[in-house]
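Visitor: 3D model of this:
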Amino acid sequence: MWWYTGELFLYGMLNRALRSLDMEMMIKMGFFIRSLHQQLQQAHKEQSDEYTTKFIVYR
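Guide: Residues are numbered from 1 along each chain as shown. Predicted coordinates:
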């Protein structure tokens with residue numbers, strides 16, 4: 001996730017492709033999208049395993 005959240009050109013390119021639904025660019029950036037997805041899944045798993053107590057969310 002560091003390459004996505006850092007001050008790199010990939011953040012802007014990927015966000016622009018996702019916002020405009022530019023499929024050609026998304027296909028070209030598939031490696032980065034997959035990597036980001038896997039890292040987010042791993043972070044979610046680690047955090048959800050860490051916090052087993054229920055919490056209340058208010059809207």
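
Visitor: from now on I want contacts and neighbour counts done on CA atoms only, so please keep to that.
Guide: Fine.

Visitor: what residues sit buried inside the helix ranked longest in the chain?
Guide: When the chain is parsed with DSSP state H, its longest helix is helix 30-50. Buried positions in helix 30-50, judged by neighbour count with 16 or more other C-alpha atoms under 10 Å: 32-33, 36.

Visitor: turn those into JSON lines, columns for pLDDT and distance to R19.
Guide: As requested, those are exported to JSON lines (pLDDT from 0 to 100; distance: C-alpha to C-alpha, whole Å):
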{"residue": "F32", "pLDDT": "86", "distance to R19": "16"}
{"residue": "I33", "pLDDT": "88", "distance to R19": "14"}
{"residue": "L36", "pLDDT": "88", "distance to R19": "16"}
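
Visitor: in terms of distance to M26, which of those residues ranks first?
Guide: The shortest separation between M26 and any of the buried residues of helix 30-50 is 7.8 Å, and it belongs to I33 (by C-alpha to C-alpha).

Visitor: list the contacts of the closest one.
Guide: M26 (C-alpha atoms under 8 Å, 6 or more residues apart in numbering).

Visitor: alright, that wraps it up for me.
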